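Q: What follows is a protein structure lacking sequence information:
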Ligand code: ASP
């Protein structure tokens, strides 16, 4: 009986035939784009780049690419990363301004520099020098989200321990003396987040992973989330597997959930249980955090896990492999 229960517990969520593409949320066209690259003989890095780029163009859910998540100044800035699980090279950009193709710039950081991570205005200048077009990332939609936020007295708001009271007022803010009072509970807006995180695994077991996002709605200018941070937003290691995360990056990045999940898969954990452990680790400290992780190993097993919240009981993700040959929508019950 015990053996049977252990076996059930270890059962993977799904098993695909390599090559495999898996990504967060029902971003089907992104999966298709990545899958087409693999079908045409392209590399897993090309697949991840093209897949995530698709979302940057389509503005998947408004949470990837231009015209989404305006910051406190109304500006959209982008974060992205890409990782090669064969060489452990990473290219990442954060707080990228004026450039739509953030994951393309991340790839350029990986391929054309010895660095890993470029940020802010300098990352944009690097991108322009590398031939990326500078454009305004603001749209009518992002402008109206911003205008509404100003009308709502800058709510929701990420500031704390400042004056005037940020739960009722716009800035400018000054620090206020810290009191022993319990901090205001942060409001969870599950619609303020979504990111494309993608893992592609080739027939030869080459793993690549990447992310692209416009971060969190009304973020403080300069805020960088988990998505471009290796081990937090995504991680790839061809000797074990890949993982990618989505959700409240401010909290999630403190736990490196993608790195943890890959390390657990290295020690033999099934992808779904690796993902679950990564979520549990965060839950222990932040029971009400919003987030999900996808995991896949080099034998083509995959899984996902998410933290159950009111209004968030299932997490959807996409999978494409040579059995299905078309992107399949999957979902997992949050716990
Ligand atoms: N993790 C992203 C961030 O916090 C957003 C998301 O995935 O929902 O920037």
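A: Yep, it's here. Values in this document were obtained by computation on a predicted structure and should not be read as measured data.
Q: how about the helices in the stretch 201-335 of the chain?
A: For the stretch 201-335 of the chain, the helices defined by DSSP state H, counting those that start in this stretch occupy 249-252, 257-266, 271-285.
Q: Remind me which helix or strand residue 86 belongs to.
A: Secondary structure assigned from DSSP states H and E places residue 86 in neither a helix nor a strand.
Q: if I pick it, what's in contact with it?
A: Contacts of residue 86 were listed using C-beta atoms under 8 Å, 6 or more residues apart in numbering, and they are 206, 207, 238. Glycine gets a C-beta too; all of them are placed from N, C-alpha and C.
Q: Just the closest of those to the ligand, please.
A: Closest approach to the ligand among these (C-beta to the nearest ligand atom): residue 207, at 20.5 Å.
Q: Can you give me the neighbour number for the spatially closest residue to the closest one that is not a sequence neighbour?
A: Leaving aside its chain neighbours, residue 207 sits nearest to residue 85 (3.4 Å; criterion: C-beta to C-beta, 6 or more residues apart in numbering). A count of neighbours around residue 85, defined by other C-beta atoms under 10 Å, yields 27.
Q: again with residue 310
A: Number of residues near residue 310 (other C-beta under 10 Å) recorded here: 8.
Q: And for residue 26?
A: For residue 26, the neighbour count with other C-beta under 10 Å is 16.
Q: Stretch 27-46 and the ligand, are they touching?
A: No: figure legend: stretch 27-46 not in contact with the ligand (C-beta under 6 Å from any ligand atom); closest approach 11.9 Å.
Q: So what would you say the end-to-end distance of that stretch is?
A: Using C-alpha to C-alpha, to the nearest Å, the end-to-end distance of stretch 27-46 comes to 18 Å.
Q: Could you do stretch 161-177 as well?
A: 7 Å.
Q: Could you do stretch 247-262 as well?
A: 18 Å.
Q: What residues sit buried inside that stretch?
A: 247-253, 255-262 (16 or more other C-beta atoms under 10 Å).
Q: just those residues that are near the ligand?
A: Within those, those near the ligand by C-beta under 6 Å from any ligand atom are 247, 248, 249.
Q: Which single one of those is nearest to the ligand?
A: Nearest member of these to the ligand, counting by C-beta to the nearest ligand atom, is residue 249, at 2.4 Å.
Q: Nice, that's everything, thank you.
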